[in-house]
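Student: Using only what follows, build the 3D model:
(one chain, ligands or ions: 1)
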Amino acid sequence: MADFDLKELERIIAERGNSQDVGSWTAKLFRAGTPKAAQKLGEEAVETVIAAVGGDRDGVISESADLLYHWMVVLALSGVSLEEVLDELARRTGRSGIEEKAARQGD
Ligand SMILES: N=c1c2ncn([C@@H]3O[C@H](COP(=O)(O)OP(=O)(O)OP(=O)(O)O)[C@@H](O)[C@H]3O)c2ncn1[C@@H]1O[C@H](COP(=O)(O)O)[C@@H](O)[C@H]1O
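Tutor: Residues are numbered from 1 along each chain as shown. Okay, the predicted model is just below:
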């Protein structure tokens, strides 16, 4: 299993989004702003749906990675942290955010 998680991607996006690197797609999206990033998020969602409906397993994996990345760029541009989304999901399970965090850390 990959030694990589969304928390790390969130950190990379924050760092690359604010970089001056002209080759950085993340920086390009940050400069373009929420409408462009949200448009890309929608495109990747549709491409994931098409792959899933078409039974394209490898496509679902690849498009899901594009989807998660662009979703996290939209989160960053919206000033929303991954933690806040996880807290909302935890609330829906009936667990408190603190309990959920402890569960994720294996406490
Ligand atoms: N996970 C991703 C990631 N997924 C997709 N993409 C980029 O998203 C862009 C748009 O994807 P598309 O499938 O629409 O590709 P496209 O059709 O060529 O795009 P357009 O024609 O719409 O411009 C492509 O340029 C992809 O490279 C990503 N770019 C960056 N990351 C992560 O962000 C990090 C920093 O990247 P940079 O900001 O580019 O340094 C990387 O190391 C990765 O961890």
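Student: C-alpha only now, for contacts and for neighbours.
Tutor: Fine.
Student: Excluding covalently adjacent residues, which one is nearest to the residue nearest the centre of the chain?
Tutor: Nearest to the geometric centre of the chain sits Met72, at 3.0 Å (C-alpha atoms, centre = their mean). Closest residue to Met72 apart from its sequence neighbours, by C-alpha to C-alpha, 6 or more residues apart in numbering: Glu10 at 6.6 Å.
Student: What helices and strands are in contact with the host helix or strand of the one you found?
Tutor: Glu10 belongs to helix 6-17 when assigned by DSSP states H and E. Counting contacts by 3 or more C-alpha pairs under 8 Å, 6 or more residues apart in numbering; DSSP states H and E, helix 6-17 is packed against helix 25-32, helix 57-77, helix 82-93.
Student: rewinding a little: the residue nearest to Met72 - how many residues pack around it?
Tutor: Using other C-alpha atoms under 10 Å, Glu10 is surrounded by 17 other residues.
Student: The one 5 residues further on now?
Tutor: By the criterion of other C-alpha under 10 Å, Glu15 has 12 neighbours.
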